[in-house]
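**Student:** How does the following fold in three dimensions:
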Amino acid sequence: MNILDELAAHAVERVAAARFDIDPEEMGRRAYESEPGTHEFMKALSKDGLSFICECKKASPSKGVIAPEFPYLDIAKDYEAAGADAISVLTEPKWFMGKDKYLKDISQNVGLPCLRKDFTVDAYMIYEAKVLGASAVLLIVSILDKLRIRDYLNVCDGLGLDALVEIHDEREADIALDAGAGIIGVNNRNLKDFTVDTENSAKLRRMIPEDVIFVSESGIRGSDDVKRAVDIGADAVLIGETLMRAPDKKQMLDSLRREILHG
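**Tutor:** Here you go, the predicted model:
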C-alpha cells in the first residue's frame, strides 16, 4: 500500500476503537445537539481577494517531525494576529502526530474557523469534528467514492459544516463536482509518492466552475507561489510546512499577505 492507503486504513482502525468509547448514536446526538454551524469556513474563503488557510502541523509522513516544540495555541494565535482567514489543524496521530485536543483547544481559543485536517473515512469522524469545534472537514476523493462523498456532504450540511473536497487529477475533479462539492482543493503534493507540482493547481483550475471555491494546497513556499495562485484564480491557499518551519510565523504570514495586498 502507498502512504495514502495506509493513512486511510489506520483511520478505519481509529474509528473502530473510538466506537467502543462512544457509540455512533451517542456521538451523532452530541454533534446534532451542539450549536449548529454557520458555514464560517465557506464564508472565510468567499471574501474578496485570496484567503489564507494556515496549518498547525507537528509532523508529516514525508518530512518527519517538523516542529519538535509545538506550542499549537501560540501558533494559532499568531496566525490570527497576522490576518489568517482559517486554520487547518492536523488530528491524525500516527504520521502527523496530531491530536483531537489541538483542534478542541484552538477552536475554543481562536476566533477563526477551523478545518479538521484528517482522513475522513466514516461519518463518525464528521460528528467528532463538530463536537471538537471544527467548522469544516477534509474529504479526499482518492480514498472515497462518489456516493460516500455525497453522503458525507449531506451530513456536513445537516450540521452546518463545510467540506474541503480534495482532488489530485481530472478524474477526481469530475467525481468531486458530480458529488456536489462546494469547495474543491487541489493538493499539489501527491500523497502516493510525495512529489510536489504546483502546476497541478493551474491545470485543474480550468475544470472548476467559478461558483465553486477553489483552494491550492501544498507547495506554497513564498510570494511567487502565492502570486501564481492569484494568477490562476484560486480563492484560497493552504500553507503548512513553510509557516511551520518559519522562526517567526506571524512575520512570514505578514510578508506573504503584504505581497498580495500591496504588490
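
**Student:** can you list the residues that contact the longest helix along the chain?
**Tutor:** Looking across the chain with DSSP state H, the single longest helix is helix 3-21. When contacts are defined by Cβ atoms under 8 Å, 6 or more residues apart in numbering, helix 3-21 is touched by residues 1, 27, 61, 92-95, 118-122, 124-125, 128, 140, 142-143, 191-192, 194. C-beta coordinates here come from the backbone N, C-alpha and C atoms, glycine included.

**Student:** what ranges do the helices span in this structure?
**Tutor:** Remark: helices assigned in the chain by DSSP H are 3-21, 24-33, 40-45, 72-81, 100-109, 123-132, 146-159, 170-179, 199-205, 223-231, 241-245, 249-262.

**Student:** Dump the ones you listed to a markdown table, plus mean neighbour count.
**Tutor:** Putting those into a markdown table (neighbours: other Cβ atoms under 10 Å) gives the following:
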| stretch | mean neighbour count |
| --- | --- |
| helix 3-21 | 14 |
| helix 24-33 | 15 |
| helix 40-45 | 22 |
| helix 72-81 | 19 |
| helix 100-109 | 18 |
| helix 123-132 | 24 |
| helix 146-159 | 17 |
| helix 170-179 | 17 |
| helix 199-205 | 19 |
| helix 223-231 | 16 |
| helix 241-245 | 19 |
| helix 249-262 | 16 |
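
**Student:** before we move on, back to that, among the contacts of helix 3-21, which are in strands?
**Tutor:** Under the assignment DSSP state E, the contacts of helix 3-21 contribute residue 140 to strands.

**Student:** Buried among the contacts of helix 3-21? Make that a PyMOL selection.
**Tutor:** With 16 or more other Cβ atoms under 10 Å as the criterion, this PyMOL line picks the buried residues out of the contacts of helix 3-21:
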select buried, resi 27+92+95+118+119+120+121+122+124+125+128+140+142+143+191
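
**Student:** ends of stretch 59-75, how far apart?
**Tutor:** 15 Å (Cα to Cα, to the nearest Å).

**Student:** Sorry, slip of the keys, the one I care about is stretch 109-120.
**Tutor:** OK, stretch 109-120 end separation, Cα to Cα: 24 Å.

**Student:** Show me how far it is from its chain's centre.
**Tutor:** 7 Å (Cα atoms, centre = their mean, to the nearest Å).

**Student:** what about that stretch, average pLDDT?
**Tutor:** The average pLDDT within stretch 109-120 is 98.

**Student:** Over to stretch 43-61?
**Tutor:** 95.

**Student:** what's the first-to-last distance across it?
**Tutor:** One end of stretch 43-61 sits 31 Å from the other (Cα to Cα).

**Student:** Adding distance to residue 55, write the helices of the chain out as JSON lines.
**Tutor:** Formatted as JSON lines, the entries for these read as follows, by distance: least, Cβ to Cβ, whole Å:
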{"stretch": "helix 3-21", "distance to residue 55": "16"}
{"stretch": "helix 24-33", "distance to residue 55": "24"}
{"stretch": "helix 40-45", "distance to residue 55": "14"}
{"stretch": "helix 72-81", "distance to residue 55": "9"}
{"stretch": "helix 100-109", "distance to residue 55": "11"}
{"stretch": "helix 123-132", "distance to residue 55": "16"}
{"stretch": "helix 146-159", "distance to residue 55": "20"}
{"stretch": "helix 170-179", "distance to residue 55": "21"}
{"stretch": "helix 199-205", "distance to residue 55": "17"}
{"stretch": "helix 223-231", "distance to residue 55": "15"}
{"stretch": "helix 241-245", "distance to residue 55": "7"}
{"stretch": "helix 249-262", "distance to residue 55": "10"}
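
**Student:** So which of these is nearest residue 186?
**Tutor:** helix 199-205 (4.5 Å; Cβ to Cβ).

**Student:** Which residues outside that closest one are in contact with it?
**Tutor:** In contact with helix 199-205 (Cβ under 8 Å, 6+ apart) are residues 167-170, 173, 186-188, 214, 216, 228-229, 232-234.

**Student:** who wins for neighbours among those residues?
**Tutor:** Within these, most neighbours by other Cβ atoms under 10 Å means residue 216, with 30 neighbours.

**Student:** which other helices and strands contact the least confident helix or strand in the chain by mean pLDDT?
**Tutor:** Lowest mean confidence among the helices and strands of the chain (mean pLDDT, DSSP states H and E): helix 249-262, at a mean of 80. Helix 249-262 sits against strand 51-56, helix 72-81, helix 223-231, helix 241-245, with contacts defined as 3 or more Cβ pairs under 8 Å, 6 or more residues apart in numbering; DSSP states H and E.
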